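Trainee: let me see the structure of the following:
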Amino acid sequence: MKILYLYIVFTLLISIKMNVFGLLYGIRRGRLLNRILSNSNPLMNTLAVKHRCINNKTSCQDTSDNVGQKYVKLCTTAADIEIFGQNLGNIIDIGDVLLLHGDLGAGKTTLSRGIITNKLDDMSARVTSPTYLLDNIYQYGEDKYIHHMDLYRLPNNSDLSILDIPNIYNKCLCIIEWSQRIDKTFYPVNYLDIKISIDNNTENRMITIIPSASNQNRLHDKLVELCKM
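Mentor: Coordinates of the predicted model:
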């Protein structure tokens, strides 16, 4: 019995030690502190968001009047969605942000897979959902990166600085699933809003792309051709 007690005490001490080290490491990295501020003090979170947006004017703004027209593509199979993603990959690059939303199983990751395999120039590349990791990173070219994110498990209006948002908007190609989790203050200036809707009768998918106004001017002709393919 004495040995059992000693074992329990030893286990508790080890657990406390690991938690203390984890706490100190998190604070040192600044990430845990951000979470504490955002979860426990809404005022501090609001001030922090405004501060980041002021210092990232090219990445973050109110987008209420920053939308273009709609471009629509009908896909009847998962293969169609992936091919559409591959074709979409031909017209986007660093600095583009894709905001994906749609119901579970709509095809967001399938579309993302098409884009990523195109950029990697490897149609057999393994592209998985980043639901648990939040952010899967792929390198293409010499110094180009894709950030494939999934915000499904985050609460609405989370402090996304732990994912280096909005700093990465201008530096990488960003694909963000469940983008409706993003507070408007974290929205990029230049983006493609992509909604995938399911027809419950036919299981067909309707992909609707609404670019920001600046992206519409740049990509209009290409998006028209893309949706005709």
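
Trainee: show me the strands in this structure, by range?
Mentor: For the chain, the strands defined by DSSP state E occupy 71-75, 97-102, 135-140, 144-150, 173-177, 192-198, 205-211.

Trainee: tilt between the fourth one and strand 135-140?
Mentor: Just to be clear, that refers to strand 144-150. Computed by axes from the mean of the first three to the mean of the last three C-alpha atoms, to 10 degrees, the angle separating strand 144-150 from strand 135-140 equals 160 degrees.

Trainee: coming back round to it: pick the most buried one from the strands of the chain.
Mentor: Greatest average neighbour count among the strands of the chain goes to strand 173-177 (a mean of 27), per mean count of other C-beta atoms under 10 Å. (Glycine included, C-beta is placed from N, CA and C.)

Trainee: what packs against it?
Mentor: Contacts defined by 3 or more C-beta pairs under 8 Å, 6 or more residues apart in numbering; DSSP states H and E place strand 173-177 against strand 97-102, helix 108-120, strand 144-150.

Trainee: let me see the mean pLDDT of the longest one.
Mentor: Per-residue pLDDT values across helix 108-120 average out to 97.

Trainee: right, and the helices and strands packed on strand 173-177 - which one's nearest residue 159?
Mentor: Of all these, it is strand 144-150 that lies closest to residue 159, at 14.4 Å by C-beta to C-beta.

Trainee: pull the residues that contact the closest one.
Mentor: Outside strand 144-150, the residues that touch it by C-beta atoms under 8 Å, 6 or more residues apart in numbering are 93-94, 109, 112, 115-116, 119, 127, 129-131, 134-140, 163, 168, 171-178.

Trainee: just stretch 100-115 next, same as before
Mentor: By C-beta under 8 Å, 6+ apart, stretch 100-115 touches 75, 78, 81-89, 92, 98, 127-129, 146, 148, 150, 175-180, 193-198, 205, 207.

Trainee: domain parsing for this protein?
Mentor: In terms of domains, the chain is parsed into 2-40, 71-228 (source: automatic domain parsing).

Trainee: taking those together, which one is wrapped up most tightly?
Mentor: domain 71-228 (a mean of 18).
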